[in-house]
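1. structure of the sequence below:
(chains A and B)
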Number of protein chains: 2
Amino acid sequence: MGPLDLRRELLDIVGERGATFSPDHQPDDLHDETLHPDPRVPYAVLYPTCTEQVSQIAALASTHGIPVTPRGSGTGLSGGATPVTDGFVVSFARMNQLLRLDTLDHVAVVQPGITLRELGEILAPSGLRYPVYPGELSGSLGGNVNTNAGGMRAVRHGVTRHHVLGLELVLIDGTIVRTGGAVVKSSSGYDLTQLVIGSEGTLAMVTEVTLKLSPTMPHSSTVLVPFRTLEEVTRIVPTIVGSGLEPSMLEYLDVLTMSAISNATNLELGVLASVAEQTAAYLIIVLETRTDHQLADDIAALAFIVEGAGALDVYVLAPTAGTRLIEARERAFWVGKAAGANEIIDVVVPRSSVPTFLREATQIAQRHDAFISGCGHVGDGNVHLSVFLPDEHKRAAMLLELFRFGVDIGCQISGEHGIGRDKQAPYLELTDPTLLDLQRRIKHAFDPSQLLNPYRLLDERQLP
Amino acid sequence: MGPLDLRRELLDIVGERGATFSPDHQPDDLHDETLHPDPRVPYAVLYPTCTEQVSQIAALASTHGIPVTPRGSGTGLSGGATPVTDGFVVSFARMNQLLRLDTLDHVAVVQPGITLRELGEILAPSGLRYPVYPGELSGSLGGNVNTNAGGMRAVRHGVTRHHVLGLELVLIDGTIVRTGGAVVKSSSGYDLTQLVIGSEGTLAMVTEVTLKLSPTMPHSSTVLVPFRTLEEVTRIVPTIVGSGLEPSMLEYLDVLTMSAISNATNLELGVLASVAEQTAAYLIIVLETRTDHQLADDIAALAFIVEGAGALDVYVLAPTAGTRLIEARERAFWVGKAAGANEIIDVVVPRSSVPTFLREATQIAQRHDAFISGCGHVGDGNVHLSVFLPDEHKRAAMLLELFRFGVDIGCQISGEHGIGRDKQAPYLELTDPTLLDLQRRIKHAFDPSQLLNPYRLLDERQLP
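-> Next comes the predicted model:
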């Protein structure tokens, strides 16, 4: 079959407006938000509108041995959606509908292209929400599933995998499979839903997601607590988590990151100048409760805890300021990017080891003439660092040393961004070969020809 | 190698006191708590004391093509631990230690043979707990992992898979692999921890479990609410779950089950005779809070909800009575067994479909001259029914009809007991062949010779 036949077959599947062909692609379809985009030109970018079309595309790719790169809205941070030269990109931009909302069962069934913002707006009147909050609201649910996205509410609500009850999948040979369902538990066979979550598009294409929703709590408050040292901030975290207060967010920002995001967003939080000048890092705590007097109680209990741990002050923010602070915190990645960060990492550390990890990170950075600045979901040990070190080889050496130290104290290389292409080298170097082999056997069970999102995660062949 | 050599090799691995040989086994090692034990005599029951011994046993079994049946404390309900004739049983009875307790990270690392009771007693002084509560406290954590055990607290705290952060595994060829770690999130490769949870011992032997703990809430109350109809009970459940009260248990008992467990345990709850005679079913709600006034608030809000939905009365039980009621509820399975139930099922139903399912179940039972009685974790749609119908073939036909109706409305066949041997026939009949095929490919990736816990779940060969 020649290229013209292939083009014809693809257009027969997705319709005349459902595809672009090389080289006439929309530039945004050719990369995600990695700091190292390294774009490739695929043969076709396809925009299916239903599962059946995805299945036909997969079957065609499979027959002709053509690599397939699935993509959501392209907000990934690890190069997981970078196309393959002459391959297919399957964009889920046109599969972005809410298919079902069940307010009694607290279940929503969505297509993978729906964004967090779209879903949030649809759900708002119901009093229910999808509680996972990765921050980037233009991210798609399908992308969230494939990276097991986390975010600021993970400390209380968990991550994507805790809120996905079932999936519809298209395998690389075109087979359509449903896993799980609209039930909150099951012990009926292997949990393929959980296996596919976080698999970075390498096992199957997700064409439908069944989500578990939660009631939105009516009362909330954002509390900002400045400390003299970053170590004090991270040391108090286990106490807060152990208190039973169940904060829905528990974040830290070093003073540089706070200053950068405040400047970028004209944020004014009312921190006294005399306090600000002594501050090295901030803790941000969001409390959400069913009643207003429970909220008042919880704020008082929280203040008591942090004041006993060296807090310079405790600011219970006005609702508008609280919302703006959280929105500004969401922008930390973009601020880092704009400031010229050369790499963003999201190591996850056993919570009580965060001070040790940050201390060592600072020393490693100094030894390599790098500069690091950060923030993170400190309630669950997920540290985000912007790394400033332009030389690629020096940076790779520095990061490998940092990841190695991390792995030795029980870290995982990525808490929520995924491995993709950007973290592949250290991931493959620092992971037990036996564990890699077992994962490759699973990959083989799903995709023996390695056509589905190749050249990342476990697949160390060089991207052509 | 002759049998004497094999015996010698096994004793060299586990020591002279670490094995029993056919036919001199301890009878309790030859079955679990299925209602249909159908025991087989294995060649050897082995009691390793460390991972290295498990690995050597697996390698030996692999070399000689000998089936291996792992077992925890044998409290499973689906025949998942029934030995294979002339095979090996690997009992984790001697691997029952807490290896590490980290009160800052809220992490416990345990061996698989530790029981829920032992773990609970060790954790109590720390103010932390492992919140999953399958009821049977003599169950082992390894068994809980393999069935993804649920239980009464799942409505708030989730099931086993939500509290296991990492595993150490022994594959059938003796390879030792670690998955996950002491971190609460990760996007670093396929989540093999989640894949193995609920795999019923068919993928790997679990030799170590890293658990996520939670702070124990200091205040709690058990509320008992009688209703005139079972339908009223199940209809109010979505409202309670949607209220934001976050009950830690939300159970129903039909009046027959309540009467049976009350008689079996001499339970006296103070329900007025005039109320009791109108009652068809009870709702049990446990609330747990950080402060006593939040508890009082929550009880008042709960009472308001149920009174508006036809509650005959609201009994806030004294702490002793509350504890005794929950303990009695735990015994429901044993009471059903003692009453001569021929089958126990644990279908999980989309929460709002529980009334529909129970109505249809009653009609199906009537058509088949069967009698059913039940209780269940109604907050998460997990319905437990005792089925009284002695004829095996009639019962299989009735259950297949019931499961088929369930699957059609979105049920899963087992919410927490697992498929094992007892639910294998309907599971294989009612599950999409494509989904079975994909699972079998995964099984093949782990255990190509089908030596690990064969003849159950996906393996339809007849147990020899």
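2. please make it C-alpha for all contacts and neighbour counts, starting now.
-> Will do.
3. low-confidence ranges in chain A?
-> For chain A, the stretches flagged by pLDDT under 70 are A:1-4.
4. which strand or helix spans the residue sitting nearest the centre point of it?
-> Ranked by distance to the mean C-alpha position of chain A (Cα atoms, centre = their mean), the top residue is A:Ala149 at 3.3 Å. Using DSSP states H and E, A:Ala149 falls within no helix or strand.
5. contacting residues for it?
-> A:Pro134, A:Val159, A:Thr160, A:Gly198, A:Glu416, A:His417, B:Ser187 (Cα atoms under 8 Å, 6 or more residues apart in numbering or on different chains).
6. can you rerun that using 10 Å?
-> Going by Cα atoms under 10 Å, 6 or more residues apart in numbering or on different chains, A:Ala149 touches A:76, A:132-135, A:139, A:141, A:143, A:158-161, A:197-198, A:415-418, B:185-187.
7. just confirm A:Thr222 is within a strand.
-> Yes: assessed by DSSP: H, G, I helix; E, B strand; the rest coil, A:Thr222 belongs to a strand.
8. mind checking how far it is from B:Pro454?
-> As judged by Cα to Cα, to the nearest Å, A:Thr222 and B:Pro454 stand 54 Å apart.
9. likewise A:Arg235?
-> Distance from A:Arg235 to B:Pro454, counting by Cα to Cα: 49 Å.
10. so which of these two has more stuff around it?
-> Using other Cα atoms under 10 Å in any protein chain shown as the criterion, A:Arg235 and B:Pro454 rank with B:Pro454 on top: 24 against 17.
11. just checking, that one touches B:Glu460?
-> Yes: using Cα atoms under 10 Å, B:Pro454 is in contact with B:Glu460, at 8.9 Å.
12. what do these two both touch?
-> Here B:Pro454 and B:Glu460 share no contacting residue, scored by Cα under 10 Å, 6+ apart.
13. ok, which stretches of the stretch 51-200 of chain A are strands?
-> Here the stretch 51-200 of chain A has its strands, by DSSP state E, counting those that start in this stretch, at A:68-71, A:88-91, A:98-102, A:107-110, A:128-129, A:164-170, A:176-180.
14. looking at these, which is nearest to A:Phe333?
-> Among these, strand A:68-71 comes nearest to A:Phe333, with 20.4 Å by Cα to Cα.
15. what helices or strands is the closest one leaning on?
-> Secondary-structure packing of strand A:68-71 (3 or more Cα pairs under 10 Å, 6 or more residues apart in numbering or on different chains; DSSP states H and E): strand A:44-46, helix A:51-64, strand A:88-91, helix A:141-147, strand A:205-212.
16. now render these as JSON lines, adding mean neighbour count and distance to B:Val45.
-> Output for the helices and strands packed on strand A:68-71, formatted as JSON lines (neighbours: other Cα atoms under 10 Å in any protein chain shown; distance: least, Cα to Cα, whole Å):
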{"stretch": "strand A:44-46", "mean neighbour count": "26", "distance to B:Val45": "57"}
{"stretch": "helix A:51-64", "mean neighbour count": "20", "distance to B:Val45": "47"}
{"stretch": "strand A:88-91", "mean neighbour count": "25", "distance to B:Val45": "52"}
{"stretch": "helix A:141-147", "mean neighbour count": "29", "distance to B:Val45": "42"}
{"stretch": "strand A:205-212", "mean neighbour count": "27", "distance to B:Val45": "43"}
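17. take the ones you listed and write them to TSV, including distance to chain B.
-> Shown next, in TSV, are the helices and strands packed on strand A:68-71 (distance: least, Cα to the nearest Cα, whole Å):
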stretch	distance to chain B
strand A:44-46	26
helix A:51-64	14
strand A:88-91	22
helix A:141-147	6
strand A:205-212	11
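18. tabulate the ones you listed (JSON lines), appending distance to B:Gly18.
-> What follows is the helices and strands packed on strand A:68-71, written out as JSON lines (distance: least, Cα to Cα, whole Å):
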{"stretch": "strand A:44-46", "distance to B:Gly18": "61"}
{"stretch": "helix A:51-64", "distance to B:Gly18": "52"}
{"stretch": "strand A:88-91", "distance to B:Gly18": "56"}
{"stretch": "helix A:141-147", "distance to B:Gly18": "44"}
{"stretch": "strand A:205-212", "distance to B:Gly18": "46"}
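19. which of the contacts of A:Ala149 fall within helices?
-> Those of these mapping onto helices are A:Leu141, A:Gly143, per DSSP state H.
20. weed out the non-buried ones from the contacts of A:Ala149.
-> Among these, the ones that count as buried by 16 or more other Cα atoms under 10 Å in any protein chain shown are A:76, A:132-135, A:139, A:141, A:143, A:158-161, A:197-198, A:415-418, B:185-187.
21. strands along the stretch 251-400 of chain A, start to end?
-> For the stretch 251-400 of chain A, the strands defined by DSSP E, counting those that start in this stretch cover A:281-289, A:315-316, A:343-345, A:371-377, A:382-388.
22. smallest gap between the stretch 301-450 of chain A and chain B, at which residue?
-> Nearest residue of the stretch 301-450 of chain A to chain B: A:Gly415, at 4.1 Å (Cα to the nearest Cα).
23. for the closest residue to that residue other than its chain neighbours, list the residues it contacts.
-> The spatial neighbour of A:Gly415 that comes closest, neighbours along the chain excluded (Cα to Cα, 6 or more residues apart in numbering or on different chains), is B:Ser186 at 4.1 Å. Neighbouring residues of B:Ser186 by Cα under 10 Å, 6+ apart: A:147-150, A:159, A:198, A:346-349, A:382, A:411-418, B:165, B:180.
24. if we use 8 Å, what do you get?
-> Contact analysis of B:Ser186 by Cα under 8 Å, 6+ apart lists A:Asn148, A:Val348, A:Gln412, A:Ile413, A:Ser414, A:Gly415, A:Glu416, B:Gly180.
25. ok, A:Ser73 touching A:Arg94?
-> No: applying Cα atoms under 8 Å as the test, A:Ser73 and A:Arg94 come out as separate, 10.5 Å apart.
26. for A:Ala318, grab the count of nearby residues.
-> The number of residues packed near A:Ala318 is 13, by other Cα under 10 Å.
27. who's in contact with it?
-> Here A:Ala318 is in contact with A:Ser221, A:Thr222 (criterion: Cα under 8 Å, 6+ apart).
28. same check, this time on the one 3 residues further on
-> A:Ala321 makes contact with A:Glu268, A:Leu269 under the criterion Cα under 8 Å, 6+ apart.
29. and the gap between it and A:Leu283?
-> Distance of A:Ala321 to A:Leu283, given as Cα to Cα: 15 Å.
30. cool, and A:Arg404?
-> Distance of A:Arg404 to A:Leu283, given as Cα to Cα: 27 Å.
31. quick one: the helices in the stretch 201-350 of chain A?
-> A:230-242, A:255-265, A:273-276, A:292-307, A:319-330, A:332-338 (DSSP state H, counting those that start in this stretch).
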